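Chemist: structure, please.
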Amino acid sequence: SVQIQPYGVEVAADGVARCKTPCSFRIAPGLHRLTVRTSGFMPWQEDVRVEPGAEVKVSASLVGSH
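Modeler: Have a look, this model is predicted:
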């Protein structure tokens with residue numbers, strides 16, 4: 001599950017759009033790069049390892065660009 005402030009921004013996993021925050025999605029086990037970009041904020045990304053059968057929770061607050 002992904003919780004990013006502000007709400008309503010698109011989350012991509014490995015370059016593929018998956019959902020808009022707050023949201024949850026299923027993805028194959030392994031290492032994945034989550035990316036969030038929205039107007040007025042610095043891009044955010046994080047590499048996340050998903051183990052088989054596990055749930056991973058990701059949260060972040062985007063920083064406004066100046």
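
Chemist: just give me the neighbour total for residue 4.
Modeler: Using other C-beta atoms under 10 Å, residue 4 has 23 neighbouring residues. C-beta here means a position set from N, CA and C on the backbone, and glycine is covered the same way.

Chemist: let me know whether it touches residue 37 as I believe.
Modeler: No. Contact between residue 4 and residue 37 fails when scored by C-beta atoms under 8 Å: they sit 10.8 Å apart.

Chemist: what touches both of the two?
Modeler: Both residue 4 and residue 37 are in contact with residue 44, where contact means C-beta atoms under 8 Å, 6 or more residues apart in numbering.

Chemist: residues contacting stretch 17-33, please?
Modeler: With C-beta under 8 Å, 6+ apart, stretch 17-33 has contacts from 1-4, 7-15, 36, 45-52, 54.

Chemist: again, only using 6 Å
Modeler: Contacts of stretch 17-33 with the rest of the structure, by C-beta atoms under 6 Å, 6 or more residues apart in numbering, involve 1-4, 7-11, 13-14, 45, 47-50, 52.
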